[in-house]
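Peer 1: Need the 3D shape of this:
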Amino acid sequence: MEYYINNLTLTKKGDSRMIMYGKWSMLFGNYKGKIFDYKGNELFLIKKKINIWKLKVNYFITDKWGKSLEIYGKNKKHSIYVLKIDENIFELKLHKGNKKSLFYNNTQIAAIDEAIFLGKTTIITKSLEYLSEIFLMLFCLKIGENNKGITFNFGYIGKMEPIDLNWKP
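Peer 2: Below you'll find the predicted structure:
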């Protein structure tokens, strides 16, 4: 199945109805985000913490049941982000250009491609049960980005994670 994220809103290809959406804000240098379902019910509350001295970014998350989660960078290149939920591990890998891959317990479950004009992201997945985690991880990386006006995204430059171009859901 194919999904789109446009203006922090998740929709299914061929269906303009909203599945989830997110909002973020910054106050006194503190970034906060929230993700809601299509009815407006809060699913996740996110706090983005930047450690300038260690060049690290962490996202502290509280889900709708009050459970605490964290997304953190696994390596110094900031090309792999990890989310642990109980014994399960989600990994978001950034590739050269505008592509990303999402893995669940070391098995790829989604391929992500961002358009050159920021604002539209395409997600290809069959793992509908993990759609909220996929959106959560992608949304966290968008917290703090300014999408006003026309912006170009030339992708990640330098040595990033290898990509499996033959992967199909």
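Peer 1: CA atoms for contacts and neighbours, from now on please.
Peer 2: Will do.
Peer 1: Off-centre distance for stretch 31-44?
Peer 2: Computed by CA atoms, centre = their mean, to the nearest Å, the chain-centroid distance of stretch 31-44 equals 14 Å.
Peer 1: actually stretch 24-34, not the one I wrote
Peer 2: The gap between where stretch 24-34 is centred and where its chain is centred comes out at 16 Å by CA atoms, centre = their mean.
Peer 1: in that stretch, what's buried?
Peer 2: Neighbour-count burial for stretch 24-34, counted by 16 or more other CA atoms under 10 Å, picks out 24, 31-34.
Peer 1: Run through who's touching that stretch.
Peer 2: Outside stretch 24-34, the residues within contact range by CA atoms under 8 Å, 6 or more residues apart in numbering are 22-23, 42-49, 140, 143-144.
Peer 1: Identify, from these, the entry nearest to residue 10.
Peer 2: Nearest to residue 10 out of the contacts of stretch 24-34 is residue 22 (CA to CA; 8.8 Å).
Peer 1: excluding its backbone neighbours, what's nearest that closest one?
Peer 2: Once its chain neighbours are removed from consideration, residue 22 has its nearest residue in residue 35; the separation is 4.2 Å (CA to CA, 6 or more residues apart in numbering).
Peer 1: Among the contacts of stretch 24-34, which ones are in strands?
Peer 2: Counted as lying in strands by DSSP state E, out of these, are 22-23, 42-49.
Peer 1: Check the residues you listed and tell me the two furthest apart.
Peer 2: 42 and 49 (20.6 Å).
Peer 1: Return the distance of residue 140 relative to residue 13.
Peer 2: Noted for residue 140: a distance of 22 Å to residue 13, by CA to CA, to the nearest Å.
Peer 1: Over to residue 77?
Peer 2: Separation of residue 77 from residue 13 (CA to CA): 33 Å.
Peer 1: all strands of the protein, in order?
Peer 2: Going by DSSP E, the chain shows strands at 2-6, 9-12, 15-27, 30-37, 42-51, 56-63, 68-73, 80-85, 88-94, 99-104, 107-114, 120-125.
Peer 1: what's around residue 108, how many residues?
Peer 2: Other residues near residue 108 come to 19 when the count uses other CA atoms under 10 Å.
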